[in-house]
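Visitor: Mind folding the following:
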Amino acid sequence: MTLTEEQLATAYAELAARFQLKGQSPNIGEIRAALAMARPLVTEEPASEPAAMFYALARHPRAFPGLTRLMTALVAMSSAREHGIVLGASDADALEGMVFSIAAQRISFEHVLVYFRSRAAQA
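Guide: Down below sits the predicted model:
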(Lines give C-alpha, C1' and ligand atoms only; values in the text may rest on other atoms or scores of the structure.)
Protein backbone atom coordinates (compact mmCIF):
# COMPACT_ATOMS: atom_id res chain seq x y z
CA MET A 1 0.00 0.00 0.00
CA THR A 2 1.47 3.31 -1.00
CA LEU A 3 -0.59 5.68 1.15
CA THR A 4 -0.39 5.96 4.91
CA GLU A 5 -3.03 7.13 7.36
CA GLU A 6 -0.98 10.29 7.90
CA GLN A 7 -0.93 11.06 4.18
CA LEU A 8 -4.67 10.47 3.90
CA ALA A 9 -5.36 12.68 6.93
CA THR A 10 -3.17 15.45 5.48
CA ALA A 11 -4.86 15.22 2.08
CA TYR A 12 -8.26 15.43 3.78
CA ALA A 13 -7.21 18.47 5.83
CA GLU A 14 -5.98 20.26 2.69
CA LEU A 15 -9.16 19.48 0.77
CA ALA A 16 -11.38 20.44 3.73
CA ALA A 17 -9.57 23.79 3.95
CA ARG A 18 -10.05 24.33 0.20
CA PHE A 19 -13.79 23.68 0.58
CA GLN A 20 -13.90 25.76 3.78
CA LEU A 21 -15.17 22.88 5.92
CA LYS A 22 -14.39 24.38 9.30
CA GLY A 23 -14.26 22.14 12.34
CA GLN A 24 -14.04 18.95 10.30
CA SER A 25 -11.32 16.41 11.01
CA PRO A 26 -10.56 13.08 9.43
CA ASN A 27 -11.58 10.07 11.48
CA ILE A 28 -8.22 8.36 12.03
CA GLY A 29 -9.85 5.21 13.43
CA GLU A 30 -11.95 4.83 10.29
CA ILE A 31 -8.92 5.49 8.07
CA ARG A 32 -6.97 2.80 9.94
CA ALA A 33 -9.87 0.38 9.60
CA ALA A 34 -10.12 1.10 5.86
CA LEU A 35 -6.39 0.53 5.36
CA ALA A 36 -6.62 -2.72 7.32
CA MET A 37 -9.51 -3.83 5.11
CA ALA A 38 -7.65 -2.89 1.92
CA ARG A 39 -4.32 -4.60 2.66
CA PRO A 40 -5.43 -8.23 2.18
CA LEU A 41 -7.28 -7.29 -1.02
CA VAL A 42 -4.10 -6.08 -2.75
CA THR A 43 -2.33 -8.57 -5.00
CA GLU A 44 0.41 -8.28 -7.62
CA GLU A 45 -2.20 -7.16 -10.14
CA PRO A 46 -1.88 -3.39 -10.77
CA ALA A 47 -5.65 -2.81 -10.62
CA SER A 48 -5.96 -4.39 -7.19
CA GLU A 49 -4.48 -1.56 -5.10
CA PRO A 50 -6.66 1.28 -6.43
CA ALA A 51 -9.67 -1.04 -6.32
CA ALA A 52 -8.89 -2.09 -2.74
CA MET A 53 -8.32 1.49 -1.58
CA PHE A 54 -11.52 2.68 -3.22
CA TYR A 55 -13.61 -0.19 -1.88
CA ALA A 56 -12.24 -0.02 1.66
CA LEU A 57 -12.55 3.77 1.95
CA ALA A 58 -16.10 3.61 0.56
CA ARG A 59 -16.94 0.97 3.18
CA HIS A 60 -15.74 3.45 5.84
CA PRO A 61 -17.65 6.62 4.88
CA ARG A 62 -17.01 8.31 8.24
CA ALA A 63 -13.28 8.51 7.48
CA PHE A 64 -13.68 11.81 5.63
CA PRO A 65 -16.59 13.85 7.03
CA GLY A 66 -18.20 16.08 4.43
CA LEU A 67 -15.92 14.84 1.66
CA THR A 68 -16.53 11.08 1.57
CA ARG A 69 -17.29 10.69 -2.13
CA LEU A 70 -14.70 13.17 -3.36
CA MET A 71 -11.84 11.95 -1.15
CA THR A 72 -12.56 8.30 -1.88
CA ALA A 73 -12.60 8.91 -5.63
CA LEU A 74 -9.46 11.11 -5.55
CA VAL A 75 -7.49 8.56 -3.52
CA ALA A 76 -8.47 5.79 -5.94
CA MET A 77 -7.62 7.92 -8.97
CA SER A 78 -4.22 8.79 -7.50
CA SER A 79 -3.49 5.15 -6.73
CA ALA A 80 -4.61 4.14 -10.21
CA ARG A 81 -2.28 6.70 -11.78
CA GLU A 82 0.63 5.33 -9.73
CA HIS A 83 -0.12 1.91 -11.24
CA GLY A 84 -0.32 3.17 -14.82
CA ILE A 85 -4.11 3.29 -14.99
CA VAL A 86 -5.40 6.55 -16.41
CA LEU A 87 -8.84 7.62 -15.22
CA GLY A 88 -10.73 10.63 -16.53
CA ALA A 89 -13.51 12.93 -15.37
CA SER A 90 -16.23 10.43 -16.32
CA ASP A 91 -14.49 7.86 -14.12
CA ALA A 92 -14.43 10.33 -11.22
CA ASP A 93 -18.19 10.75 -11.58
CA ALA A 94 -18.72 6.98 -11.80
CA LEU A 95 -16.56 6.35 -8.74
CA GLU A 96 -18.29 9.03 -6.70
CA GLY A 97 -21.60 7.46 -7.68
CA MET A 98 -20.51 4.03 -6.42
CA VAL A 99 -19.40 5.15 -2.95
CA PHE A 100 -22.75 4.96 -1.18
CA SER A 101 -23.71 1.69 -2.88
CA ILE A 102 -20.47 0.19 -1.60
CA ALA A 103 -21.06 1.62 1.88
CA ALA A 104 -24.50 0.01 1.83
CA GLN A 105 -22.86 -3.26 0.71
CA ARG A 106 -24.76 -3.33 -2.59
CA ILE A 107 -21.55 -3.46 -4.63
CA SER A 108 -18.87 -6.07 -3.95
CA PHE A 109 -15.11 -5.73 -4.09
CA GLU A 110 -15.12 -8.04 -7.12
CA HIS A 111 -17.34 -5.56 -8.98
CA VAL A 112 -14.95 -2.71 -8.13
CA LEU A 113 -11.94 -4.79 -9.19
CA VAL A 114 -13.57 -5.54 -12.55
CA TYR A 115 -14.13 -1.79 -13.03
CA PHE A 116 -10.45 -0.99 -12.40
CA ARG A 117 -9.31 -3.95 -14.53
CA SER A 118 -11.35 -2.66 -17.44
CA ARG A 119 -9.67 0.74 -17.11
CA ALA A 120 -6.24 -0.88 -16.88
CA ALA A 121 -6.94 -2.79 -20.10
CA GLN A 122 -7.65 0.51 -21.87
CA ALA A 123 -4.32 2.04 -20.81
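Visitor: Ser101: helix or strand, and which one exactly?
Guide: helix 89-103 (DSSP states H and E).
Visitor: I should have written Ala121 there, sorry.
Guide: Using DSSP H and E, the element containing Ala121 is helix 109-122.
Visitor: quick one: average pLDDT of the helix holding Ser101?
Guide: For helix 89-103, mean pLDDT rounds to 94.
Visitor: In terms of secondary structure, what does it contact?
Guide: Where contact means 3 or more C-beta pairs under 8 Å, 6 or more residues apart in numbering; DSSP states H and E, helix 89-103 is packed against helix 48-59, helix 68-82, helix 109-122. C-betas here are computed from N, CA, C, even on glycine.
Visitor: most neighbours per residue, which of those?
Guide: helix 48-59 (a mean of 27; mean count of other C-beta atoms under 10 Å).
Visitor: as a whole number, average confidence for that one?
Guide: Rounded mean pLDDT across helix 48-59 is 98.
Visitor: So which elements touch that helix?
Guide: helix 28-38, helix 68-82, helix 89-103, helix 109-122.
Visitor: Dump those to a markdown table, plus distance to Gln7.
Guide: Output for those, formatted as a markdown table (distance: least, C-beta to C-beta, whole Å):
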| stretch | distance to Gln7 |
| --- | --- |
| helix 28-38 | 10 |
| helix 68-82 | 9 |
| helix 89-103 | 19 |
| helix 109-122 | 20 |
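Visitor: now for the ones you listed, which one comes closest to Arg18?
Guide: helix 68-82 (10.4 Å; C-beta to C-beta).
Visitor: Helix 109-122 and the helix holding Ser101, what's the angle between them?
Guide: Per axes from the mean of the first three to the mean of the last three C-alpha atoms, to 10 degrees, the angle that helix 89-103 makes with helix 109-122 is 170 degrees.
Visitor: Sweet, I'm off.
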